[in-house]
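>>> Can you look at this prediction? I've put the sequence above it.
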Amino acid sequence: MTTFSCTNITRRYKNFCLDNVSFSMETGYFYVLAGVNGSGKTTLLNCITGVENGFSHSSSGDAQIGEVSLKMSPEAYRRRLGYISEKCPFFMEESVAQNGLTYGEFYPDWSVRDYSSYLSRLGVDPSKRIYQLSKGEFMKLQICFSLAHHPDFLFLDEPLEGFDPVFRREFLDLLGELLDRDMGILLSTHITEDIDRLADYLLILENGRLTADASKEALNDRYKELTGISAPHIRDLLELEHTQGTPRS
Amino acid sequence: MKTFNYYRYEKKHLRCTSYYVLLAISLFFFFLEAAVNASAATRASDALRTALESENTAKEFTLNIFQFELFFMITISTLNSALFYIREQGQVVPVLSKYLFAPVDGKKIYRAKALLLLRGSCIFFLGGLIIYFAAACIILGAEAPFQQLLQQFGYALIFCIVAVIVLLLSDRHRSRHMV
């Protein structure tokens, strides 16, 4: 089992501040990073994946996967995670296969066989150029690429938006398989309906601050305490945290 | 774990046929020009020697610095854009922005690209230098104005260094703004 932890992640912009966010995760569990639009989910993911420009050197806070620190050894740290985001800059005029080969060289564990088998499983044509892919296909490609380098943790930034309902189900089944293979998953979303059955832990961001970081059961107990009934969906827990604006549990 | 070799990676992925074509054209042009100049200098010197019936020679064999720099700029700019930029959907994008999500040290990859640019510049400069000196040696022999030629190549070298530094600084600036 591998542990991810981040401490005091802070990032300041002119009109927004990601304020001292700390939490930890373990492989084999599904974490949901929920929050309304503009709450800082993408900024947080960009910071802990080392994508945020200058984060690893100038911003405060640090993140670790096992013993590997983002600040101390950013390359080794980033090799151990997969990040799926619609902003991922692949080479647009090159094919899906070629992109895999180009970026795969940076990952010692990257397997071309796994890449090609995930591509065929998710129905992505390896000969297609990136600019020819739909939003859903682009997300699928990233998933295939990330899985082919066998990361310890997979971070997904709003991946469900580009998928049709049929693939959404397939995709969630695939995530379930990854959990069985002891991968840790952190998925950011504001559409929580589909992930009710998978989520183990819930992280709620409100205006740059982490207002909840607990297991789904713990949050559900609190919901029950306050309302007298069980929360049928994650959405209800999120709404409660949003209306209460309670401090971190 | 084995350290990733950025230089080898960049060299492997560099596709710049136009640089090699321009380099070959430039060096061939220098060869022709040097050969023609050296032959003309020999003929002029022989004519002068016959007319004056003396041992004096007046061998005029110089490097056209402006022309050399023009060829250098065209060839090296091509290599520079192949290394640092990519054309996608009609837009020119710094290649470094493509590595934002990869486990890559931006500084190391920039350094590897800079080294490849320097390597390309050295090949061009040394190729030109060798061709001029070889032509001078073969056609003019010991009477070739080596010192004058060296001085001119010295001036050309200063310009080449400045040009490469300016290119690298502008690449860094543009990449930083895009990444």
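Now that the structure is in, tell me what you want to look at. Numbering: from 1, shown residues only, chains lettered A, B, ... in the order given.

>>> Check which residues of the worst-scoring helix or strand of chain B on mean pLDDT are buried.
For chain B, counting by mean pLDDT, DSSP states H and E, helix B:17-52 ranks last in confidence among helices and strands (a mean of 82). Neighbour-count burial for helix B:17-52, counted by 16 or more other C-beta atoms under 10 Å in any protein chain shown, picks out B:19, B:22-23, B:26-27, B:30-31, B:33-35, B:37-38, B:41-42, B:45. The C-beta positions use only the backbone N, C-alpha and C, and glycine is treated the same way.

>>> ok, and the helix or strand in chain A with the lowest average confidence?
Comparing every helix and strand of chain A by mean pLDDT, DSSP H and E singles out helix A:55-58 as the least confident one, with a mean of 50.

>>> for chain B, what spans make up the strands?
B:85-88, B:91-94 (DSSP state E).

>>> Residues contacting the first one, please?
Applying C-beta atoms under 8 Å, 6 or more residues apart in numbering or on different chains, the external contacts of strand B:85-88 come out as A:91-93, A:131, B:92-95, B:98.

>>> List the buried residues for that strand?
Counting neighbours by 16+ other C-beta under 10 Å, one finds that the buried residues in strand B:85-88 are B:85-86, B:88.

>>> returning to that earlier point: which one of the strands of chain B lies nearest to B:A136?
Using C-beta to C-beta as the criterion, the shortest distance between B:A136 and those is 38.2 Å, found for strand B:85-88.

>>> Output the closest one as CSV - backbone C-alpha positions only.
As requested, the backbone C-alpha atoms of strand B:85-88 are provided in CSV (Å, rounded to 0.1, in the frame of the first residue of the first chain):
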residue,chain,number,x,y,z
TYR,B,85,8.3,25.4,-31.9
ILE,B,86,5.7,23.3,-33.4
ARG,B,87,3.0,24.3,-35.9
GLU,B,88,-0.5,23.0,-34.9
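
>>> For the chain, give me the ranges with low pLDDT.
Going with chain A. Per-residue confidence for chain A (pLDDT under 70) gives these ranges: A:53-59, A:162, A:244-249.

>>> actually chain B
B:1-2, B:44-60, B:177-179.

>>> how about 50 then?
In the prediction, chain B carries residues with pLDDT under 50 at positions B:58.

>>> coming back round to it: closest one to chain A out of the buried residues of strand B:85-88, please.
For chain A, the closest of these turns out to be B:E88, at 4.5 Å, with distances computed as C-beta to the nearest C-beta.

>>> Following the chain onward from the least confident helix or strand of chain A, which element is next?
Per DSSP states H and E, helix A:55-58 leads on to strand A:60-65 as the next helix or strand towards the C-terminus.

>>> List the contacts of A:T3.
Applying C-beta under 8 Å, 6+ apart, one finds that A:T3 lies in contact with A:24-27, A:64-66.

>>> Dump the residues you listed to CSV, plus neighbour count and distance to A:F4.
Formatted as CSV, the entries for the contacts of A:T3 read as follows, by neighbours: other C-beta atoms under 10 Å in any protein chain shown; distance: C-beta to C-beta, whole Å:
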residue, neighbour count, distance to A:F4
A:S24, 14, 6
A:M25, 25, 4
A:E26, 16, 8
A:T27, 21, 8
A:Q64, 18, 7
A:I65, 25, 5
A:G66, 15, 8
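
>>> Which single one of those is nearest to A:P159?
The closest of the contacts of A:T3 to A:P159 turns out to be A:M25 (C-beta to C-beta; 17.2 Å).

>>> Can you tell me the closest non-neighbouring residue to that closest one?
Ranked by C-beta to C-beta, 6 or more residues apart in numbering or on different chains and with sequence neighbours excluded, the top spatial neighbour of A:M25 is A:F4, at 4.4 Å.

>>> what about that neighbour, which helix or strand?
With elements delineated by DSSP H and E, A:F4 resides in strand A:3-12, which encompasses its position.
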